[in-house]
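Peer 1: what would the 3D arrangement of this be:
(one chain, ligands or ions: 2)
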Amino acid sequence: MIRPLANLLVTGGAGFIGSAFIRRVLAAQPAMKIVDLDVLTYAGNLDNLADVDPARHVFVRGDIADGALIERLVDEHRIDTIVHFAAESHVDRSIHGPAEFIQTNVLGTMRLLDVVRARPSVHFHHISTDEVYGSLPLGEGVFTEATPYQPNSPYAASKAASDHLVRAWARTYKLSVTTSHASNNYGPYQFPEKLIPLMIANCIEGKPLPVYGDGKNVRDWLHVDDHADAVWEILQRGASGEVYDVGGGNEWANLDLVHCLCDQFAAARGEPASKYRGLITFVTDRPGHDLRYAIAGDKIADQLGWRPKYDFETGLRATIDWYLANPTWIARVKTGAYREWITKHYGA
Ligand code: NAD
Ligand code: DAU
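Peer 2: Ligands and ions are numbered 1, 2, ... in the order given. A predicted model of the protein is given here:
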């Protein structure tokens, strides 16, 4: 079954993954127009979409918790599919302030689902994370779609709660939904608070590279364009009610990754690796720090034929090159200059 996808509403399309999805879909589908609802938190940046045709990208600044606004957008644009990326997404921020995570990730998702509940012909795709499954021991086991939920951070708990809402709304109100759980994404336009862009930004500025704990925690890295392609496959051919795990098949201990990043950064600048490796600083561990994530990925490969295409070291080098070529982007998202622009154009 190929799901007809004519009018898409994307939430969180100004963020890292949502903007990659929009850029890719608009490039591959010349007839498609996308409505993008994003409240533009610190993580949302319209620069990420500067290259897309504004006639095919209808941007609306607004909150996913605003049910009346979503109803209006869905009806006005005859939306047949909602792709829900919008979220508070950074684990460390959730540890310092969980309330916003509950507000957006849980209550916001419920508002969207309630709009779909009143319009059950609309398909809802929920973007979730492998973090809902908890933590794996080093070198043993992988997450599958059948792994029980064991979220360990406020962020992971809020995403787990939203997954449960999606499932329950679908079962109770007979809605058409799909959910994907992706592993750690990397690539251009990622806000420099997550591991890879933070390390690149700090290399550029010659600042310490903070590695939490002993650096042995393992993550499964997935290029953001591979993730966007996986979501597109699920939207088209994913069976309603199904859940798909999307991984990179690419596990790295944090310290090994940071070493690789330092070496590649040095090579990009024609400098000795020791200059950047010397910036590595071990800092206090993240509370409740999950030890290891790893995704099996068999279901999406077998049922939809999707597999990641990126080779990690090539993707990482291209990511480093992108940040080196875009100092203005980094400065704008970091310094608050972009916030001033938003206030001017959209109000506070
Ligand atoms: P991000 O933080 O870069 O972007 C989130 C976007 O959502 C921003 O543009 C922000 O302005 C918007 N947003 C936040 N609250 C909103 C609200 N109340 N209403 C409307 N818009 C709002 O996040 P990301 O890394 O692009 O993650 C996107 C999705 O993918 C999230 O659901 C996240 O949980 C999930 N995910 C992320 C990763 C990863 O490695 N980054 C991996 C797996 C899953
Ligand atoms: O697994 C998917 C998840 O990946 C997504 O759902 C989240 O939205 C995304 O933020 C990410 O969560 P992580 O906590 O794994 O990503 P982060 O980049 O924050 O950290 C990656 C690893 O690096 C983790 O083990 C913590 C460590 N770390 C992170 C930072 C920011 C450091 O050692 N130093 C740092 O400064």
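Peer 1: hey, what's whichever residue of the stretch 1-150 of the chain sits closest to ligand 2 bridged with?
Peer 2: Nearest to ligand 2 in the stretch 1-150 of the chain, going by CB to the nearest ligand atom, is Thr129, at a distance of 3.1 Å. The way it works is simple: take the backbone N, C-alpha and C, and place the C-beta from them, glycine included. On the basis of DSSP bridges, Thr129 is bridged to Ala182.
Peer 1: scan this protein for its longest helix.
Peer 2: helix 154-173 (DSSP state H).
Peer 1: how about that one and ligand 2, any contact?
Peer 2: No: counting by CB under 6 Å from any ligand atom, ligand 2 has no neighbours in helix 154-173; the shortest distance is 6.7 Å.
Peer 1: pull out the buried residues from that helix.
Peer 2: Buried positions in helix 154-173, judged by neighbour count with 16 or more other CB atoms under 10 Å: 154-163, 165-166, 169-170.
Peer 1: list the contacts for Leu37?
Peer 2: 9-13, 60, 62, 64, 69-70, 73, 86 (CB atoms under 8 Å, 6 or more residues apart in numbering).
Peer 1: I misspoke; the intended subject was His126.
Peer 2: Applying CB under 8 Å, 6+ apart as the definition, the contact partners of His126 turn out to be 84, 109, 162-163, 166, 177-180.
Peer 1: same question for Ala296.
Peer 2: Contacts of Ala296 by CB under 8 Å, 6+ apart are 142-144, 245, 247.
Peer 1: neighbour-wise, which one of those residues leads?
Peer 2: Top of the contacts of Ala296 by neighbour number is Gly247, holding 28 neighbours under the definition other CB atoms under 10 Å.
Peer 1: re the thing from before, could I get the contacts of His126 as a markdown table with distance to ligand 1 and pLDDT?
Peer 2: Below are the contacts of His126 laid out as a markdown table (distance: CB to the nearest ligand atom, whole Å; pLDDT from 0 to 100):
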| residue | distance to ligand 1 | pLDDT |
| --- | --- | --- |
| His84 | 7 | 98 |
| Thr109 | 9 | 98 |
| Ser162 | 8 | 98 |
| Asp163 | 10 | 98 |
| Val166 | 12 | 98 |
| Val177 | 15 | 98 |
| Thr178 | 14 | 98 |
| Thr179 | 11 | 98 |
| Ser180 | 8 | 98 |
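Peer 1: any idea which of the residues you listed is closest to Pro137?
Peer 2: Asp163 (23.3 Å; CB to CB).
Peer 1: how about the helices in the stretch 51-200 of the chain?
Peer 2: 67-76, 91-96, 99-101, 109-117, 154-173, 195-205 (DSSP state H, counting those that start in this stretch).
Peer 1: what's the closest of those helices to Gly134?
Peer 2: helix 154-173 (7.7 Å).
Peer 1: and for Ala269, the neighbour number?
Peer 2: Quick fix: residue 269 reads Arg, not Ala. 14.
Peer 1: list the contacts for it?
Peer 2: Leu324.
Peer 1: check contacts around the closest residue to Ala6 other than its chain neighbours.
Peer 2: The shortest distance from Ala6 to any non-neighbouring residue, by CB to CB, 6 or more residues apart in numbering, is to Asp80 (5.5 Å). Residues counted as contacts of Asp80 (CB under 8 Å, 6+ apart) are 4-8, 121-123.
Peer 1: let me know the secondary structure of Asp36.
Peer 2: Following DSSP: H, G, I helix; E, B strand; the rest coil, Asp36 is assigned to strand.
Peer 1: which bits of the protein sit near ligand 2?
Peer 2: Counting by CB under 6 Å from any ligand atom, the chain sits next to ligand 2 at 89-91, 129-131, 183-184, 194-195, 198, 210-212, 217, 219, 254, 286, 293.
Peer 1: all set, thanks.
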